[in-house]
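Asker: quick one: sequence plus predicted model below, questions after.
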Amino acid sequence: MSDVLVVAEHRRGEIRDVSYEAITAGRELADARDGDLHLAVVSGDVEQFAADLNREGVDAIHTVTNGEEFDHNVYQAAVGRLLDETDAGAVVIPNSVNGLDYAPAVAEASGLPLVTDAVGFEYDDGLTVTREMYGSKVETTVDVAGDRFVLTVRGGEWAPAEGVGDAAVGAVDVEHPESGARVTGFEEVAGGDVDIADADVLVSVGRGIDEEENLEVVEELADALGATLSASRPIVDNGWLPKNRQVGQSGKVVTPDVYIAVGISGAVQHVAGMKGSDTIVAINTDPNAPIFDIADYGIVGDLFDVVPELVDEFA
Amino acid sequence: MKVLVTVKEVAEPDDDFAIEGTDIAESDLEYDLNEWDDYAVEAAVQLAEAGIADEVVAVTIGPERSEETIRMALAKGADRAVRVWDDAFEAGFADVAAKVTTFEAVVEAEEPDLILGGVQAADTGFGATGVALAERIGFEHAAVVNDLDIDADAGVARVHRELEGGVEELTDVDLPAVLTVQTGLNEPRYASLRGIRQAQRKEIDATDLADLGLTADDVASALEITSMYEPESESDAEILEGDAGESAARLAAVLRDKGVSA
């Protein structure tokens, strides 16, 4: 039971980066448990995926051929089968939207404890997971009873696995019940008139703007700087700006020359979409806001005082 | 159809807070209805208004204090509520299986056709209870739903699941099902004065584990929080000091240096 099983993730023919990161996390765990690292590749072009995912440290790859896209019933059945057939007692799954659509069911069906959204862990007789709470304001360590568990790992926290591995690749047949959840298609929702990913300078607005009427304040700044206006999730949830303006995990990933975050606290889902910007400026009242952790320049102050002054500077 | 909505009262720390032991000091926490659950309540109430849901029942695991929060769900239109609490939950950090065991007992009593809940709780952020509950009770499920259309005649929920990167997956989910609701699904209403008055007369059924035929052992947790700390700031941001005018002038100089101009 000392082995570790990592489940890869892909979408529409592409392996998602978090798969390579999960391999690194899984290898760390396997080393600490003195076990082998298994990798499950489920659905899609499994042979091509297996070849791409055969990185250093992977001992065995199990392919499950079944349709093209994600189906949580198939993933759950595949992991259940591999838990039975291999010596894996620990399962590592990406903490993604699809990961969270089957990892809890895997844990429940197998009677294993579940810890989600790990940002780190230590393994010494047992698993201690580091994860955030209270919207990233604190970190906690969580001890897990027993040596079998399901762990989901946050993207961007482990380095992607590299090199070329020599894992044995084998196909596994998995029977699964007829799915009561059927994918009928995909929709790109971030299209439209403006592609914020093309902008050199973004003025991005968040919850700190308080009211829809106040958007004028940041629109004036964007005009003054010749910048494009983007937003964090709550602004789009409220319907104040369209979805194609949303920066973050569920919106667009942007890498402008300059990113000016106005009234954005910097939740991890937002940061995932803009941390690659060349220069990051943050304006926020809370000096402890996580946005300052990744900012190059910061102003701790009220955006309603600072932004009009900044507009005047460029008038 | 009968709709069960799982709601949680979540704690939000003040800007300045102290950590005592393995949690934030009680005096530095404010309590509110979990943001994601607010969207789930709204979705359920809209189903009732559309004549699809006959009854909307809110269920929570929470101490007496949380009645204030669950009454907000009633004020927004839920018909009645079930609140489960027990000394066993005071003992430590309830894991996903413990919550699922509790909700399973409520589901057995209520026999809903559809269960809605938030994607995650704002405080603990596990994002797992809904999908694990579906597995336990033999319901279908979909996680991270940001568009919902119930076809009651066909017995299907047509949903969009919000994937990463501005892509939505269109999925048909057979009922009965558990759906976890993403923010942005709808526009949660504010409780009206009339709604708040009516909520005072609605029933909140306060139960404990024994009432549900469970014992403390049934909700024993495999997880224990062993430490909590503020992450060290990795910030190497240059803070531009001064009043609003001074700091704005400094920032303007930085931006010009980077070639920013209209």
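Answerer: It's in.

Asker: use CA for all of it now, contacts and neighbours both
Answerer: OK.

Asker: ranges for the helices of chain A?
Answerer: Using DSSP state H, the helices of chain A run over A:18-33, A:46-53, A:72-85, A:99-110, A:215-225, A:233-237, A:268-271, A:291-294, A:303-313.

Asker: actually chain B, not the one I typed
Answerer: In chain B, the segments counted as helices under DSSP H are B:35-49, B:67-75, B:87-90, B:96-110, B:129-137, B:193-201, B:244-257.

Asker: what's the closest of the ones you listed to B:Asn146?
Answerer: helix B:35-49 (9.7 Å; CA to CA).

Asker: I'd say B:Ser247 and B:Ala253 touch.
Answerer: No. The pair B:Ser247 and B:Ala253 does not pass the contact test of CA atoms under 8 Å, sitting 9.9 Å apart.

Asker: more crowded one of these two?
Answerer: Between B:Ser247 and B:Ala253, counted using other CA atoms under 10 Å in any protein chain shown, the more crowded position is B:Ser247 (21 against 14).

Asker: pLDDT score for the more buried one?
Answerer: Here the pLDDT value assigned to B:Ser247 is 96.

Asker: distance check, it against A:Gly263.
Answerer: Distance of B:Ser247 to A:Gly263, computed by CA to CA, to the nearest Å: 16 Å.

Asker: picking that back up, how about JSON lines for the helices of chain B, with distance to chain A added?
Answerer: Putting those into JSON lines (distance: least, CA to the nearest CA, whole Å) gives the following:
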{"stretch": "helix B:35-49", "distance to chain A": "11"}
{"stretch": "helix B:67-75", "distance to chain A": "18"}
{"stretch": "helix B:87-90", "distance to chain A": "17"}
{"stretch": "helix B:96-110", "distance to chain A": "7"}
{"stretch": "helix B:129-137", "distance to chain A": "5"}
{"stretch": "helix B:193-201", "distance to chain A": "22"}
{"stretch": "helix B:244-257", "distance to chain A": "5"}
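
Asker: out of those helices, nearest to B:Leu214?
Answerer: Closest among these, using CA to CA: helix B:96-110, at 8.0 Å.

Asker: out of the helices of chain A, nearest to A:Val189?
Answerer: helix A:233-237 (12.1 Å).

Asker: what about that closest one, near chain B?
Answerer: Yes. Helix A:233-237 is in contact with chain B by CA under 8 Å from any CA of the partner chain, via A:Val236, A:Asp237.

Asker: how near is the residue nearest to A:Ala103 when sequence neighbours are not counted to B:Val5?
Answerer: Spatially, and ignoring its direct neighbours in sequence, A:Ala103 is nearest to A:Ile93 (6.9 Å; CA to CA, 6 or more residues apart in numbering or on different chains). Using CA to CA, A:Ile93 is found at 28 Å from B:Val5.

Asker: between the helices of chain B, which one is closest to B:Met228.
Answerer: helix B:87-90 (17.8 Å).

Asker: list the buried residues in that closest one.
Answerer: Using 16 or more other CA atoms under 10 Å in any protein chain shown as the test for burial, helix B:87-90 gives B:Ala88, B:Phe89.

Asker: does anything pack onto it? Which helices or strands?
Answerer: Packing partners of helix B:87-90 (3 or more CA pairs under 8 Å, 6 or more residues apart in numbering or on different chains; DSSP states H and E): none among the helices and strands.

Asker: which outside residues touch it?
Answerer: Contacting residues not belonging to helix B:87-90 are listed as B:Ala216, B:Val219 [CA atoms under 8 Å, 6 or more residues apart in numbering or on different chains].

Asker: what are the ranges of the strands in the stretch 101-250 of chain B?
Answerer: B:114-118, B:140-151, B:156-162, B:167-174, B:177-181, B:204-207, B:223-229, B:238-239 (DSSP state E, counting those that start in this stretch).

Asker: quick check: which of the ones you listed is buried the most?
Answerer: strand B:177-181 (a mean of 29; mean count of other CA atoms under 10 Å in any protein chain shown).

Asker: is it anywhere near chain A?
Answerer: No. Under the criterion of CA under 8 Å from any CA, chain A is not reached by strand B:177-181; the shortest gap measures 9.3 Å.

Asker: that strand vs helix B:35-49, what angle?
Answerer: Relative orientation of strand B:177-181 versus helix B:35-49 (axes from the mean of the first three to the mean of the last three CA atoms, to 10 degrees): 130 degrees.

Asker: tell me the mean pLDDT over strand B:177-181?
Answerer: Averaged across strand B:177-181, pLDDT comes to 98.

Asker: what is that strand packed up against?
Answerer: helix B:35-49, strand B:114-118, helix B:129-137, strand B:140-151.

Asker: these: which one's closest to A:Arg131?
Answerer: Proximity to A:Arg131 (CA to CA) singles out helix B:129-137 among the helices and strands packed on strand B:177-181, at 17.1 Å.

Asker: how far off centre is the closest one?
Answerer: 15 Å (CA atoms, centre = their mean, to the nearest Å).

Asker: now the residue in the stretch 1-150 of chain B that chain A sits nearest to: closest residue in space that isn't a chain neighbour?
Answerer: Nearest residue of the stretch 1-150 of chain B to chain A (CA to the nearest CA) works out as B:Asp123 at 4.2 Å. In this structure, B:Asp123 finds its nearest non-sequential neighbour in A:Tyr134, 4.2 Å apart by CA to CA, 6+ apart.
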